[in-house]
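Asker: The sequence and its predicted three-dimensional model are supplied below.
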Amino acid sequence: MKKARMLGSCSHCAPVPTRRLSILGIALGVVLLAAVSGSQWLLRPRAEARGGAPGKASDLRQRTEELIGYSKTVALSPEQERVKAEALASIKAPCGDRNSLAVRCCPCNLGKSIVGLANHLIAREGAGAPRVREAVLEWIRRTNPSGYSGAACDRKRCDQPFRKDGCGGMTNARLVF
């Protein structure tokens, strides 16, 4: 006569009650979700900027629009502005490397997305300068995996897409991808 197997058991293991698996599964899911959610915000653009499946450019566009929105809506205190300045001062502006990101030459869409990222991390996540610097450098790599020449402004590439060494446009209404 065959013995009926319980869900979650095999012929070599003792049966595990279904309810225990459900509770364990839920608990594991909650722990994983909590662990991943903090980094999800930064990880989301990684695949978007590195090519991959069709439609990823639209995801990068959406993420850029979100970050530009933060540049306008997330206000920083004077102390938070100092954290941002410290984080961005050591990074040359990808579109005009005669300036650091702390002193950009113009309000291009690339620059606004970087400011929005920094504002969000500092104001809403309590990030310090090292974390902001790291996230900004990663965002720059994601927007143009081939790298920036640092001369987009000088070469009149303001209305070129990020991936073509451009600024992505100069206004929110005209985001170039």
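Answerer: Cool, got the structure. Numbers count the residues shown, from 1 in each chain.

Asker: which residues does the nearest residue to residue 91 once chain neighbours are set aside contact?
Answerer: Residue nearest to residue 91 in three dimensions, not counting chain neighbours: residue 101, with 4.6 Å by Cβ to Cβ, 6 or more residues apart in numbering. C-betas here are computed from N, CA, C, even on glycine. Taking Cβ atoms under 8 Å, 6 or more residues apart in numbering as the contact definition, residue 101 lies against 88, 89, 91, 92, 93, 111, 114, 136.

Asker: so what's residue 101 scoring on pLDDT?
Answerer: Residue 101 carries a pLDDT value of 93.

Asker: Distance check, it against residue 113.
Answerer: For residue 101, the distance to residue 113 equals 11 Å [Cβ to Cβ, to the nearest Å].

Asker: Please apply the same query to residue 78.
Answerer: 23 Å.

Asker: Tell me which of the two has more neighbours.
Answerer: Between residue 78 and residue 113, counted using other Cβ atoms under 10 Å, the more crowded position is residue 113 (26 against 6).

Asker: what helix or strand does that one sit in?
Answerer: helix 109-125 (DSSP states H and E).

Asker: And that helix, what's buried?
Answerer: Buried residues in helix 109-125, counted by 16 or more other Cβ atoms under 10 Å: 109-123.

Asker: what sits up against stretch 65-76?
Answerer: Contacts for stretch 65-76 (Cβ under 8 Å, 6+ apart): 84, 109, 112-117, 119-120, 122-124, 139, 172, 175.

Asker: let's see 6 Å
Answerer: If you take Cβ atoms under 6 Å, 6 or more residues apart in numbering as the criterion, stretch 65-76 is touched by 112, 113, 115, 116, 117, 119, 120, 123, 172.

Asker: Flag the shaky bits of this protein, pLDDT-wise.
Answerer: Applying pLDDT under 70 to the chain flags residues 1-55.
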